[in-house]
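Participant: Quick one, fold the following:
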Amino acid sequence: QVQLVETGGTLVQAGGSLSLSCAASGRAFSRYVMAWFRQAPGKEHEFVSAVNWIDSSTNYADSVKGRFTISRVNALNTVYLQMNSLRPEDTATYHCAAGRYFSTNYGYYEYRGQGTQVTVSS
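Facilitator: Purely as a prediction, here's the structure:
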């Protein structure tokens with residue numbers, strides 16, 4: 001079992017920066033692909049970014065590439081999402097997820113957190 005808790009969401013102005021954290025508890029954290037998804041009101045979950053456990057290789061959605069950076073520290077059981085140059089369209093609830101393999105499908109991931117709200121004002 002893996003439990004995930006996201007923190008760091010808040011209200012921020014457009015152009016600003018924000019860092020989200022996802023703390024994992026439970027065993028074998030280091031062997032999971034860790035991903036961030038987001039869900040805006042009335043929309044499906046959207047893939048944001050993921051980091052592999054084997055080589056820390058990363059994947060990003062085109063909409064955030066060059067602005068967001070994902071990282072993980074296995075020793076701390078934590079994955080981070082650094083978000084720069086935020087836009088109003090980045091407003092959403094951000095969820096952390098853990099799975100055995102990489103996927104852009106939120107439903108695939110075995111473990112998912114409750115989410116943290118990010119609101120970007122224009």
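Participant: Now do the phi/psi pair for the spatially most central residue of the chain.
Facilitator: Residue closest to the mean C-alpha point of the chain, counted by CA atoms, centre = their mean, is Trp36 at 2.3 Å. Main-chain torsions, Trp36, degrees, to the nearest 10: phi -120, psi 140.
Participant: And it, what's its pLDDT?
Facilitator: Here the pLDDT value assigned to Trp36 is 98.
Participant: which residues does it bridge with?
Facilitator: Legend: beta-bridge partners of Trp36 under DSSP bridges are Ser49, Cys96.
Participant: wouldn't it be in contact with Ser49 here?
Facilitator: Yes. Using CB atoms under 8 Å, Trp36 is in contact with Ser49, at 5.0 Å. Bear in mind the C-beta positions are built from the backbone N, C-alpha and C, glycine included.
Participant: hey, what's in contact with both of the two?
Facilitator: 70, 81 (CB atoms under 8 Å, 6 or more residues apart in numbering).
Participant: got the buried residues for stretch 23-32?
Facilitator: By neighbour count on 16 or more other CB atoms under 10 Å, the buried set for stretch 23-32 is 23-24, 29, 32.
Participant: go on, stretch 38-56?
Facilitator: So for stretch 38-56, counting by 16+ other CB under 10 Å, buried means 38, 45-53.
Participant: Among these, which ones are in strands?
Facilitator: Under the assignment DSSP state E, these contribute 38, 46-51 to strands.
Participant: Mind picking the two most distant members of those?
Facilitator: Glu46 and Val51 (17.1 Å; CB to CB).
Participant: returning to that earlier point: now the buried residues of stretch 23-32 as a markdown table including distance to Leu4 and pLDDT?
Facilitator: Listed next are those as a markdown table, based on distance: CB to CB, whole Å; pLDDT from 0 to 100:
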| residue | distance to Leu4 | pLDDT |
| --- | --- | --- |
| Ala23 | 7 | 95 |
| Ala24 | 5 | 92 |
| Phe29 | 9 | 73 |
| Tyr32 | 10 | 88 |
